[in-house]
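K.L.:
Below: sequence and its predicted model.
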Amino acid sequence: MKITAMIGQGAFAVAAAATLALAPLGAEAQEWRGWNIHVEDYPVSIGMESFMAEVEEKTGGDISGKVFHAGVLGSQPDAIEQVRLGIIDFGVFSLGPMGQAVPEANVVSLPFIFKSVEQMYRVMDGEGGAALAKGLEAKGIVPLGYYDAGARSFYNSIKPIQTPEDVAGMKVRVMNNDLFVGMIESMGGNATPMAFAEVYQSIKTGVVDGAENNPPSYESTSHFEVAKYYSLSQHLIIPECLCMSKKSFDKLTPEQQDIVREAGKNSTMLQRKLWQEREAKSMEIVKAGGVQVNEIADKSAFQAAMAPVYEQFLSANPDMSDLVALFQNAE
């Protein structure tokens, strides 16, 4: 009796082990964690929540998760590393800071690399985004979509900017990045890196003449109250990436991977729509506040003025020349 029971138990154990061995990866329930730097009602945040909800619904609850907003899971550089290690499953990251971990991402931080936001969509949804995806995946990150983070344009307290020559002599606050310092200097301006929190008072007191940012940032910080000229140069259009850990992605079945990729695309379309609505609202506010807004339809003179910036970048990164050319020549 005991021998028979032992044989029965052994057979059950072997059968169970065989079943587990044959079970596809990703079949077990998974609980994901998502990283986000923005507050909950931001377009990026809503896009991420939509992504997670769609994945949970279409996998029948086999994959569920929570998006942690406002950077509670750590700083962006730390979170990028945790995604690479599979500690965090997904997140939305600016491709600007991503360049520290993925050198190819630095290309989208080059001024005037994109001709417009609409062109950025085409490039990132096509050949350009696919080229960046190779670099990202080589570092353990799977891109699922490229979110809109707006276009940065110049604003100042002196005059409209129509040509690169209009920047000459201006004191312009920029982010602390050699590329952005070089951008202003190539037009004859005086680049002034400083903390973002100091910009309002610095423009008001004349420490700087102006700065540059996207419409929601220009409006929400009240910078439009002290810098009444907003010139839509769109010199920096740096997308954000809805990215997933390759380690987490590789655990999924092919069917689950298809669901995740489709949810990423749908989330991207939603976020872009919400961002455009937010920008439109900000533009209405600043115009009502007396800001003089001017379009710059032909940006070719500005792009030509960036030659020294590109030369310096390619001198330091000669292996990026083909990728830069791909983005520059894209329609």
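P.N.:
In hand now; what should we look at?

K.L.:
all strands for the stretch 151-300 of the chain, in order.
P.N.:
Per DSSP state E, counting those that start in this stretch, the stretch 151-300 of the chain carries strands over the ranges 152-156, 171-174, 190-193, 210-213, 229-236, 240-245, 292-295.

K.L.:
JSON lines for those strands, including distance to residue 112?
P.N.:
Where C-beta positions appear, they are placed from N, C-alpha and C, glycine not excepted. Shown next, in JSON lines, are the strands of the stretch 151-300 of the chain (distance: least, Cβ to Cβ, whole Å):
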{"stretch": "strand 152-156", "distance to residue 112": "11"}
{"stretch": "strand 171-174", "distance to residue 112": "15"}
{"stretch": "strand 190-193", "distance to residue 112": "16"}
{"stretch": "strand 210-213", "distance to residue 112": "13"}
{"stretch": "strand 229-236", "distance to residue 112": "6"}
{"stretch": "strand 240-245", "distance to residue 112": "19"}
{"stretch": "strand 292-295", "distance to residue 112": "15"}
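
K.L.:
Tell me which of these sits nearest to residue 74.
P.N.:
Minimum separation from residue 74 across the strands of the stretch 151-300 of the chain (Cβ to Cβ) falls at strand 240-245, 14.6 Å.

K.L.:
circling back: I'd like the strands of the stretch 151-300 of the chain as JSON lines, with distance to residue 221 and mean pLDDT appended.
P.N.:
Shown next, in JSON lines, are those (distance: least, Cβ to Cβ, whole Å; pLDDT from 0 to 100):
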{"stretch": "strand 152-156", "distance to residue 221": "11", "mean pLDDT": "97"}
{"stretch": "strand 171-174", "distance to residue 221": "12", "mean pLDDT": "97"}
{"stretch": "strand 190-193", "distance to residue 221": "17", "mean pLDDT": "96"}
{"stretch": "strand 210-213", "distance to residue 221": "8", "mean pLDDT": "97"}
{"stretch": "strand 229-236", "distance to residue 221": "13", "mean pLDDT": "97"}
{"stretch": "strand 240-245", "distance to residue 221": "19", "mean pLDDT": "97"}
{"stretch": "strand 292-295", "distance to residue 221": "17", "mean pLDDT": "97"}
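
K.L.:
Would you tell me which of those strands gets closest to residue 75?
P.N.:
The closest of the strands of the stretch 151-300 of the chain to residue 75 is strand 240-245. By Cβ to Cβ, the value is 15.6 Å.

K.L.:
For residue 138, which non-adjacent residue is closest in space?
P.N.:
Leaving aside its chain neighbours, residue 138 sits nearest to residue 102 (8.0 Å; criterion: Cβ to Cβ, 6 or more residues apart in numbering).

K.L.:
Then residue 113?
P.N.:
residue 327 (5.2 Å).

K.L.:
can you tell me how far the one you found sits from residue 227?
P.N.:
Relative to residue 227, residue 327 is positioned 30 Å away (Cβ to Cβ, to the nearest Å).

K.L.:
Those two: who's more crowded?
P.N.:
Taking other Cβ atoms under 10 Å, residue 327 and residue 227 do not tie; residue 227 has more neighbours (24 against 20).

K.L.:
Now do the more buried one, the pLDDT please.
P.N.:
Predicted confidence (pLDDT) for residue 227: 98.

K.L.:
tell me the domain ranges of this protein?
P.N.:
29-149+239-280, 152-237+292-329 (automatic domain parsing).
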